[in-house]
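Trainee: Provide a 3D model corresponding to the input given below.
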Amino acid sequence: MQKLYPIVENHKWGFMDFGGRVIIEPNFDEVREFSEGYAAIEINRRWGYINDVGNVVIDPQFEAAGTFLNGLANVKFIGKWGYINKFNDFIIQSEFDSAAPFKENVGVVSKNGKFGYIDRNGKYLIPMQYDDHGEFYNGMAAIEYSNKYGFINIEGEVCIEPDFDDVRDFSDNHAAVMKDDLWGYINQDGEWVIEPRFDYAGDFHDGFASVGKGYRYGYINVDGSYQLSPQYEYTWQFSEGLAMASLSSQCGYIDKDGEVIIPFQYSAAFDFNGGLARVVQDGRHGYINKDGEYIWVPTK
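Mentor: As a prediction, this is how the structure comes out:
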């Protein structure tokens, strides 16, 4: 199916195509992105799903709804979370306090403040025992235990000891970790590849990671050297060759050499996805292409 982009008009949400043509009329109170041909939509404080031509395929009945991944979606029903398939059958009953989308065929769920991991049949792979959790990446997930963070494998075995003050999930084979109030990066063997020296460290994407020193942000490459020294008020990850950054409380887009490709002029801006990026001006949402041209003039 063609990629569709959420739009808002007269405070209702619908979808457009890459050229800015309305494909699904703005009739919904809120929407999520399409995934596997379905998008979650909200009507009168209840969530359901539509297909890519705008037909309601699962009636709004849930208190909250996630996206479909590998044929299952996490939904909240009568105060508890579970998982449904595209026929609206509960494959895993709504019994959890929280439930994240399945990644690498593993779902993260919680009860009574503890997190564990289940398979697609609802069977526990790893019991509820952790204070916090991450998503699996190449068979490893971040966990919190006794106020320290480490990583486990799919069997629940500790593969990197909980020895850190905070961690992020692995991305591009690196994980940002905090030790003694400073952030650095480890590899999947738990070895330091970039020593902790940053006040903030984001995920690696496209070979670069956003890092912060004091109140300024820039980018490093995989050997830890600066690609762009900290100079921005905020930076976000690179996507499709561009990254959102902010100066003077305005957002724009830069390339990997720091050249301003789209000027700092938006009150908020998001990643490029499929060649377009959503931007916000004065509470109005629009879409631009990589030349900064409006494909959808901001509306609300």
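Trainee: what about F270, helix or strand, and which?
Mentor: Take DSSP states H and E as the rule and F270 turns out to sit in strand 268-273.
Trainee: so how far is that strand off the chain centroid?
Mentor: How far strand 268-273 lies from its chain's middle: 12 Å, per C-alpha atoms, centre = their mean, to the nearest Å.
Trainee: angle of the following helix or strand past that strand against strand 268-273?
Mentor: If you walk from strand 268-273 toward the C-terminus, the next helix or strand you reach (DSSP H and E) is strand 276-281. Inter-element angle recorded for strand 276-281 and strand 268-273: 170 degrees (by axes from the mean of the first three to the mean of the last three C-alpha atoms, to 10 degrees).
Trainee: hey, which helix or strand in this protein has the poorest pLDDT?
Mentor: The weakest-scoring helix or strand in the chain, judged by mean pLDDT, DSSP states H and E, is strand 132-133 (a mean of 90).
Trainee: tell me what that strand is packed against?
Mentor: Here strand 132-133 touches strand 114-118, strand 140-145, going by 3 or more C-beta pairs under 8 Å, 6 or more residues apart in numbering; DSSP states H and E. The C-beta positions use only the backbone N, C-alpha and C, and glycine is treated the same way.
Trainee: which residues are contacting the shortest one?
Mentor: The list of residues contacting strand 114-118 from outside it, by C-beta atoms under 8 Å, 6 or more residues apart in numbering, reads 92, 106-110, 124-133, 136, 141, 143, 156.
Trainee: same thing with the last one?
Mentor: Residues outside strand 140-145 that contact it (C-beta under 8 Å, 6+ apart) are 106, 108, 115, 117, 129-135, 149-153, 159-160, 162, 167-170, 175, 188.
Trainee: for stretch 259-274, same thing?
Mentor: Outside stretch 259-274, the residues that reach it (C-beta under 8 Å, 6+ apart) are 3, 5, 18, 236-237, 239-242, 244-255, 277-283, 288, 290, 292.
Trainee: Can you point out the buried residues in it?
Mentor: I262, F264, Y266, A269, F270, D271, F272 (16 or more other C-beta atoms under 10 Å).
Trainee: repeat for stretch 117-125
Mentor: Neighbour-count burial for stretch 117-125 flags Y117, I118, R120, G122 (criterion: 16+ other C-beta under 10 Å).
Trainee: ok, now stretch 233-246?
Mentor: Here stretch 233-246 shows Y234, T235, W236, Q237, F238, S239, L242, A243, M244, A245, S246 as buried, counting by 16+ other C-beta under 10 Å.
Trainee: Show me just the buried residues among the contacts of strand 114-118.
Mentor: 92, 106-110, 126, 128, 130, 132-133, 136, 141, 143, 156.
Trainee: Among these, which are located in strands?
Mentor: Those of the buried ones among the contacts of strand 114-118 mapping onto strands are I92, G107, V108, V109, S110, I126, M128, Y130, D132, H133, A141, I143, per DSSP state E.
Trainee: about what we covered before: relative to N10, which of the buried residues of stretch 117-125 is nearest.
Mentor: R120 (40.2 Å; C-beta to C-beta).
Trainee: For that closest one, give me the pLDDT.
Mentor: R120 is assigned 94 on the pLDDT scale.
Trainee: One more: Y49?
Mentor: So, for Y49, pLDDT stands at 98.
Trainee: Extract the C-alpha trace of stretch 117-127 and format it as CSV.
Mentor: Presented in CSV, the C-alpha positions along stretch 117-127 are these (Å, rounded to 0.1, in the frame of the first residue of the first chain):
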residue,chain,number,x,y,z
TYR,A,117,8.4,-10.6,28.8
ILE,A,118,5.9,-12.9,26.9
ASP,A,119,5.7,-14.7,23.6
ARG,A,120,3.0,-14.3,21.0
ASN,A,121,0.9,-17.0,22.8
GLY,A,122,1.0,-15.1,26.1
LYS,A,123,3.5,-17.5,27.6
TYR,A,124,6.0,-16.0,30.0
LEU,A,125,9.5,-16.0,28.5
ILE,A,126,10.9,-14.0,31.5
PRO,A,127,8.8,-13.6,34.7
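Trainee: Please state the offset of that stretch from the chain centre?
Mentor: 22 Å.
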